[in-house]
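S.K.: The following block contains a protein sequence and its predicted model.
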Amino acid sequence: MCKFCEVNKNLLLKETELSRLVVNYFPLGKFALLVIPKRHARLITDLNKAEITDLILLYQDTVKIINEKFNLPSVMGWFNQGADVGETVPHFHFHVALFETGGNLKPVERIGAKVPIQEELLIYIKNYF
């Protein structure tokens, strides 16, 4: 079963007709979100125009919330397609993460072990979405 097709409802922040915004259970930094199509699609080329539009609009709304609520204009966004470039779940998704000056977040590789999100951080993030 695909982890992104059956999303943990505790991690769900926002939902549209075709997409979901979720907190990354294994965050790559202090604040990491995922924008995921509801329909299982491995690659961006597997998505139709409506799904791509919906994903981009949800991504845009997410960045606006981060900019406004957290007063943080620097946001990193990316997607990986293929295990050799860091993909760990074969269901297309965008990463959304805050950029920290001097931080060690790199879009292609995980720094350190997979550590589940702390409950306090999850509650903090959920208060804004």
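M.R.: Ah, there it is. Residues are numbered from 1 along each chain as shown.
S.K.: Only C-alpha atoms from now on, for both contacts and neighbour counts.
M.R.: Will do.
S.K.: how about the strands in the protein?
M.R.: Under the criterion DSSP state E, strands of the chain are mapped to 12-15, 19-23, 32-37, 75-78, 94-98.
S.K.: can you tell me how far residue 81 sits from residue 91?
M.R.: 9 Å (Cα to Cα, to the nearest Å).
S.K.: Pull out the buried positions in stretch 115-123.
M.R.: Using 16 or more other Cα atoms under 10 Å as the test for burial, stretch 115-123 gives 117, 122.
S.K.: Give the rounded mean pLDDT of it.
M.R.: Computed over stretch 115-123, the mean pLDDT rounds to 85.
S.K.: and the lowest-mean-pLDDT helix or strand in the chain, how far out from the chain's middle?
M.R.: Ranked by mean pLDDT, DSSP states H and E, the helix or strand of the chain with the weakest confidence is strand 75-78, at a mean of 84. Chain-centre distance of strand 75-78: 9 Å, with Cα atoms, centre = their mean, to the nearest Å.
S.K.: ok, and for that strand, which residues are buried?
M.R.: Of all the residues in strand 75-78, those buried under the rule 16+ other Cα under 10 Å are 76, 77.
S.K.: and for residue 81 and residue 91, which residues touch both?
M.R.: Shared contacts of residue 81 and residue 91, defined by Cα atoms under 8 Å, 6 or more residues apart in numbering, are found at residue 43.
S.K.: of the two, who's got more company?
M.R.: Higher neighbour count among residue 81 and residue 91: residue 91, with 20 against 17, using other Cα atoms under 10 Å.
S.K.: Correct me if wrong: that one contacts residue 43.
M.R.: Yes: if you go by Cα atoms under 8 Å, residue 91 and residue 43 touch, sitting 7.1 Å apart.
S.K.: one step back: quick one, which of the strands of the chain is packed in tightest?
M.R.: Most buried of the strands of the chain by mean neighbour count (mean count of other Cα atoms under 10 Å) is strand 32-37; its value is a mean of 25.
S.K.: Within the sheet, what are the partner strands of that one, with directions?
M.R.: Applying DSSP bridges, strand 32-37 is found paired with strand 19-23 (antiparallel), strand 94-98 (antiparallel).
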